[in-house]
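here is a sequence together with a model predicted from it:
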Amino acid sequence: MSLPTPTLHTARLRLRPFTDADSDVLFALHSNAYVLRYWDAPPWSEPVRAERFIAACRQLAEEGSGARLAIDRTSDGAFVGWCSISRWNPDYRSAAMGYCLGEAAWGHGYATEAARAVLQWAFDTLDLNRVQAETDTRNGASARVLEKLGFVREGTLRQDCVVDGVVSDSWVYGLLRSEW
């Protein structure tokens, strides 16, 4: 069962399906070591990774397991990052949320605004009861985004990732429909 990736609009952003034309800006985002300093995978060094990412976005939609949306600023059309719902399980009415924004987009509330739109779509369209998100315990900015959205920190996954050669803990956050 496929799940068409929506196009969503907020006051300042447009969230849309990825296209092949996004390859260069996506590679620039994911090859930035500073942006990915809390990521559980190394920065990309090969542009072909962006093409594979875009193909994986299409596969996510075709399989019906989620949606990954590019985020553009409406004022100038600039790509600022992406936001996703993945691991959708209709039997458990659950999914996971993730996002990645470029450094120039930090501190403007774009992550919160984009994630709020994706969550609204997901709760309405997928009949979710629960959305889970994880963030490196050192990433206070991401934790604040999740908390602004109403996520509750539920626990710590001890030493669950290796980030740039350093063993790292993650916080697990949950958001229930009743809290949304």
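Cool, the structure landed. Numbers count the residues shown, from 1 in each chain.

quick one: contacts for residue 1?
Listed by C-beta atoms under 8 Å, 6 or more residues apart in numbering, the contact set of residue 1 reads residue 64. Bear in mind the C-beta positions are built from the backbone N, C-alpha and C, glycine included.

could you do residue 22 as well?
Applying C-beta under 8 Å, 6+ apart to residue 22 gives the contacts 50, 54, 70, 79.

what is the most widely separated pair among those?
Spanning the widest gap among the contacts of residue 22 are 54 and 79, at 12.5 Å by C-beta to C-beta.

switch the contacts of residue 22 over to a markdown table; also include pLDDT and secondary structure.
Rendered in a markdown table, the data for the contacts of residue 22 read as follows (pLDDT from 0 to 100; DSSP: H, G, I helix; E, B strand; the rest coil):
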| residue | pLDDT | secondary structure |
| --- | --- | --- |
| 50 | 97 | helix |
| 54 | 97 | helix |
| 70 | 98 | strand |
| 79 | 98 | strand |
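
how about these in a markdown table, adding distance to residue 128 and neighbour count?
A markdown table is the format used below for these (distance: C-beta to C-beta, whole Å; neighbours: other C-beta atoms under 10 Å):
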| residue | distance to residue 128 | neighbour count |
| --- | --- | --- |
| 50 | 29 | 22 |
| 54 | 25 | 20 |
| 70 | 22 | 24 |
| 79 | 27 | 20 |
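
overlap in contacts, residue 54 and residue 79.
Among the neighbours of residue 54, those also in contact with residue 79 (C-beta under 8 Å, 6+ apart) are 22, 26.

which residues sit against the helix or strand where residue 118 lies?
For residue 118, the enclosing helix or strand under DSSP states H and E is helix 110-126. Contacts to helix 110-126, defined as C-beta under 8 Å, 6+ apart, come from residues 3, 6, 8-13, 15, 67, 69, 71, 73, 80-81, 83-85, 88, 90, 93, 95, 97, 99, 101, 105, 128, 131, 142, 145, 148-149, 175, 177, 180.
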